[in-house]
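Peer 1: generate coordinates for the sequence data below:
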Amino acid sequence: MICTYETRIIAACPMDGQPDIYEATFTSEHVIKCEDIVAAIAPYAEEKAFQEQITSDLARKLRCTVRTVGYHSGVKTTVVAP
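Peer 2: You can find the predicted model right below:
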């Protein structure tokens, strides 16, 4: 079984404090409660963190593969953490 969950993550940019928006996909061979995903991403609305760190942290916390896509200064960035 492959489970896929998709949502948006809003995080504070560590460079200027402005909100960054990432499209996030969580892929797992086990069920992840949607409430657990929401709880895991909630702190990033206030914390300043780079996309790479957010992606890595979420993959570790939720024990799944996480893919985030965002734009920084007009550059599309994609990060995948297994």
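Peer 1: check contacts around Ala49.
Peer 2: 11-12, 14, 57 (CB atoms under 8 Å, 6 or more residues apart in numbering). Where you see a C-beta, it was placed from the backbone N, CA and C, and this is true even at glycine.
Peer 1: save the residues you listed as a markdown table, and put in pLDDT, distance to Glu35 and secondary structure too.
Peer 2: Shown next, in a markdown table, are those (pLDDT from 0 to 100; distance: CB to CB, whole Å; DSSP: H, G, I helix; E, B strand; the rest coil):
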| residue | pLDDT | distance to Glu35 | secondary structure |
| --- | --- | --- | --- |
| Ala11 | 92 | 19 | strand |
| Ala12 | 86 | 23 | strand |
| Pro14 | 89 | 27 | coil |
| Asp57 | 97 | 18 | helix |
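Peer 1: out of the residues you listed, who's nearest Ile21?
Peer 2: Of all the contacts of Ala49, Ile21 sits closest to Ala11, with 8.1 Å by CB to CB.
Peer 1: just to be sure, Leu58 is in a helix?
Peer 2: Yes. Under DSSP: H, G, I helix; E, B strand; the rest coil, Leu58 falls within a helix.
Peer 1: quick one on the thing from earlier: which of the contacts of Ala49 sits closest to Thr4?
Peer 2: Asp57 (19.4 Å).
Peer 1: top of the contacts of Ala49 by neighbour count?
Peer 2: Ala11 (23 neighbours; other CB atoms under 10 Å).
Peer 1: I figured that residue hits Glu52, correct?
Peer 2: No. Counting by CB atoms under 8 Å, Glu52 is not a contact partner of Ala11; they are 11.6 Å apart.
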